[in-house]
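Q: Dropping the sequence and predicted coords here.
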Amino acid sequence: MQKTSARLLALLSLLQTHRDWSGDDLAGRLGITPRTVRRDIDRLRELGYPVRASKGPSGGYRLDAGAHLPPLLFDDGQAVALALALQSAATDETIGEDAARALVAVRQVMPSRLRRRIDTLRVTAVRPPGAGSASPVGTQLLAELGRVIHACEELRFDYGDDAAGAAGAVGAADVSRAAGAVGAADVSRAAGAVGRPRRVEPHHLVTWRGRWYLVAWDLDRDDWRTFRADRIRPRTPTGPRFTPRDLPGEDVAAFVAGRFRGTDGSTTDWPCRGEVVLGLPAEAVAPFARDGIVEELGPDRCRLTLGSWSWTGLATTIGHFDADVQVIGPPELTSAFAELAVRYAAAAAGPSQASPEGIPAL
């Protein structure tokens with residue numbers, strides 16, 4: 001028979017599988033008697049593990065969530081994975097401090113062989129380009145947003161300014177109106193963002209390019225909206241419960257990606273997609289083509305198929321390659337290049353071609 005300490009660890013490992021175990025099943029798996037199982041369950045309870053027992057001929061046991069976090073059992077792989085996850089999270093503006101403290105606590109209780117493995121692994125989380133800066137989001141706010149999402153309760157909140165500027169909620173129409181923006185959420189501005197509280201049915205809490213967002217159905221605008229969490233100030237009490245709606249496309253990742261590309265969220269395809277021939281070799285274009293398609297046409301020419309949320313934005317992006325451009329299609333892309341050419345020509349002509357307000361006359 002195993003020693004008591006080893007037997008308790010084996011029992012705890014079984015109970016952490018989130019299923020009900022009969023006393024006979026546990027006794028059989030551990031090679032002990034049902035009476036010993038009952039004694040070991042009592043020992044775990046004394047250590048702070050909330051083990052729930054159910055009535056029946058053989059009895060049943062399940063490890064419940066308790067008010068306090070008792071010691072947990074991890075194998076070597078789980079412990080290393082946890083430490084790596086905490087290293088990555090330690091750079092996050094929202095949970096970084098808590099993650100760093102948790103990493104110190106985890107490392108202190110690790111066996112020396114695992115501490116050496118962790119100390120040789122250094123992970124640096126790099127913010128994606130264009131992520132910008134945002135006010136920190138408190139863990140209390142994230143927990144409250146998660147609670148109302150889980151409870152399906154209507155949420156009222158003020159959506160106002162932060163240090164970065166005016167408030168903005170992302171809707172499909174908002175994105176399509178913002179000309180030439182790289183970060184659609186930063187450019188779009190929803191009317192009435194400050195003043196009357198917003199009323200929404202919260203559905204999902206997501207991260208996108210280093211920021212937290214709340215995906216919700218806006219009851220006043222009768223449309224889906226994506227709100228920056230750092231600009232949300234919840235009001236109490238919350239509203240009545242609601243029946244969750246189906247997201248367009250029924251996939252939150254695809255919905256959020258589509259919204260930031262200027263669609264209604266039902267697709268991740270760009271609303272504007274064009275094809276050009278560039279006077280550059282394919283290997284020079286491919287690293288900067290994002291999700292575009294690059295086809296080699298010769299040593300100094302390639303075909304580029306690329307998408308954007310507006311035709312003007314697409315033409316501007318293609319112009320970044322600083323090469324001769326031949327538009328294959330569609331006509332909307334040709335028109336966008338023509339409009340940009342007029343603007344750039346007026347800018348190159350100097351102040352004499354500008355309007356009295358200082359804006360180039362088109």
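A: Perfect, I can see it now. Residues are numbered from 1 along each chain as shown.
Q: ok now stretch 344-352, how far from the chain's centre?
A: On the basis of C-alpha atoms, centre = their mean, to the nearest Å, stretch 344-352 sits 43 Å off its chain's mean C-alpha point.
Q: whoops, I mixed them up, stretch 288-307
A: That offset, for stretch 288-307, works out to 30 Å (C-alpha atoms, centre = their mean).
Q: Do a quick rundown of the helices in the stretch 201-350 of the chain.
A: 252-259, 282-285, 311-319, 331-349 (DSSP state H, counting those that start in this stretch).
Q: same thing with the stretch 51-200 of the chain?
A: With DSSP H, counting those that start in this stretch as the criterion, the stretch 51-200 of the chain has helices spanning 76-89, 96-108, 112-119, 139-151, 172-177, 184-187.
Q: which parts of the first one are buried?
A: Residues Ala79, Val80, Leu82, Ala83, Leu86, Gln87, Ala89 are the ones in helix 76-89 that count as buried (16 or more other C-beta atoms under 10 Å). Backbone N, C-alpha and C define where each C-beta goes, glycine included.
Q: returning to what we had before: let's have the helices of the stretch 51-200 of the chain in JSON lines, adding mean pLDDT and distance to Arg245.
A: Formatted as JSON lines, the helices of the stretch 51-200 of the chain follow (pLDDT from 0 to 100; distance: least, C-beta to C-beta, whole Å):
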{"stretch": "helix 76-89", "mean pLDDT": "80", "distance to Arg245": "31"}
{"stretch": "helix 96-108", "mean pLDDT": "78", "distance to Arg245": "33"}
{"stretch": "helix 112-119", "mean pLDDT": "78", "distance to Arg245": "44"}
{"stretch": "helix 139-151", "mean pLDDT": "88", "distance to Arg245": "13"}
{"stretch": "helix 172-177", "mean pLDDT": "44", "distance to Arg245": "16"}
{"stretch": "helix 184-187", "mean pLDDT": "37", "distance to Arg245": "22"}
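Q: need the ones you listed in JSON lines with distance to Val342, can you?
A: Shown next, in JSON lines, are those (distance: least, C-beta to C-beta, whole Å):
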{"stretch": "helix 76-89", "distance to Val342": "48"}
{"stretch": "helix 96-108", "distance to Val342": "48"}
{"stretch": "helix 112-119", "distance to Val342": "60"}
{"stretch": "helix 139-151", "distance to Val342": "46"}
{"stretch": "helix 172-177", "distance to Val342": "21"}
{"stretch": "helix 184-187", "distance to Val342": "23"}
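Q: beta partners of Trp217?
A: Glu201, Trp224 (DSSP bridges).
Q: Could you pull up the residues touching it?
A: By C-beta atoms under 8 Å, 6 or more residues apart in numbering, the residues touching Trp217 are Val200, Glu201, His203, Asp223, Trp224, Arg225, Arg245.
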